[in-house]
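Visitor: I would like to see how this sequence folds:
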Amino acid sequence: MSKPGTYTREYVVETALRILDEFGLADLSMRRLAGVLDVQPSALYWHVPNKQTLLALVANKIIERAAPVDASAVGDWQSRTLAESIAIRNALLAYRDGAEVVSSTLALGLGADEALARIRVGIDSVCSDEEVARVSAESILFLILGQVWHEQQRMQADSLGVVAPAVAAQPNDVDGATDSLGFAIKLILDGLEKKLTLNHESR
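Guide: Numbers count the residues shown, from 1 in each chain. From the prediction side, this is the model:
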């Protein structure tokens, strides 16, 4: 059996991410992770103090892998915000139960802050009101998490054959969901732009 110091924290997190993708969040336990690494469960505490911290590190890794956005190629602040949002959505979809892991991590205040920071880049460039910027970005992030969670739940249920035929996953669902998400985000951004314009005109 391997010694506690055989693996780095990075390797432990990467292994946890592979387990998540193969078996899902319900089966990502410290015991299973220790078994895959061929160490005693207690040895994992050299790298992570508890499962909540492990999930936070996994959530951070998922968000880190969101494709970078070339600011010079996306145009205005709304286009930048939308591009960042779609990049985050795609990163969540790339891993089984990705949205649930990131959502729970955010809810506990343990990590995944980069997701919100990326969405705020475009918003902060036009909005100086901290509260308005924060609420706008959070609304978009929660929208992304909710949509991806719904997609991933449906895909999992569909793979088990327990989804009603009328809502079973179809080949064009991903493109359709992206379009729907983009439209919903645009509604939020248009509302923010209107608010900023009214605030400017009232001065």
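
Visitor: going forward, measure contacts between C-alpha atoms and count neighbours the same way
Guide: Will do.

Visitor: For the residue nearest the centre of the chain, what is the enclosing helix or strand?
Guide: Nearest to the centroid of the C-alpha atoms of the chain, with distances taken as C-alpha atoms, centre = their mean, sits residue 92, at 4.5 Å. Residue 92 is part of helix 77-93, with elements assigned from DSSP states H and E.

Visitor: Contacts for that helix, please.
Guide: The set of residues that contact helix 77-93 without belonging to it, under C-alpha atoms under 8 Å, 6 or more residues apart in numbering, is 62-63, 65-69, 71, 74, 98-99, 115, 118-123, 125-126, 140-141, 144-145, 148, 152, 178, 182, 185-186, 189.

Visitor: Let's see stretch 13-22 as PDB, backbone CA atoms only.
Guide: The C-alpha atoms that make up stretch 13-22 are tabulated as PDB, following Å, rounded to 0.1, in the frame of the first residue of the first chain:
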ATOM      1  CA  VAL A  13      -7.800  16.100  -6.700                       C
ATOM      2  CA  GLU A  14      -7.300  14.800 -10.300                       C
ATOM      3  CA  THR A  15      -8.100  11.300  -9.100                       C
ATOM      4  CA  ALA A  16     -11.200  12.600  -7.300                       C
ATOM      5  CA  LEU A  17     -12.300  14.300 -10.500                       C
ATOM      6  CA  ARG A  18     -11.900  11.100 -12.500                       C
ATOM      7  CA  ILE A  19     -14.000   9.200  -9.900                       C
ATOM      8  CA  LEU A  20     -16.700  12.000 -10.000                       C
ATOM      9  CA  ASP A  21     -16.800  11.700 -13.800                       C
ATOM     10  CA  GLU A  22     -17.100   7.900 -13.800                       C
END
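
Visitor: Can you list the neighbours in contact with it?
Guide: Stretch 13-22 is contacted by residues 27-28, 33, 36-37, 54, 57-58, 95-97 when judged by C-alpha under 8 Å, 6+ apart.

Visitor: Which of those residues ranks first by neighbour count?
Guide: Taking other C-alpha atoms under 10 Å as the neighbour criterion, residue 58 ranks highest of the contacts of stretch 13-22 with 27 neighbours.

Visitor: Which residues are in contact with that one?
Guide: If a contact means C-alpha under 8 Å, 6+ apart, then residue 58 has 13-14, 16-17, 101 as its contacts.

Visitor: Narrow the residues you listed to just the buried residues.
Guide: Buried subset of those (neighbour count, 16 or more other C-alpha atoms under 10 Å): 13, 16-17, 101.

Visitor: Among the contacts of stretch 13-22, which lie within helices?
Guide: 33, 36-37, 54, 57-58 (DSSP state H).

Visitor: Ends of stretch 92-100, what's the gap?
Guide: Using C-alpha to C-alpha, to the nearest Å, the gap from the first to the last residue of stretch 92-100 comes to 9 Å.

Visitor: again, but for stretch 106-120
Guide: Length of stretch 106-120, first residue to last, C-alpha to C-alpha: 16 Å.
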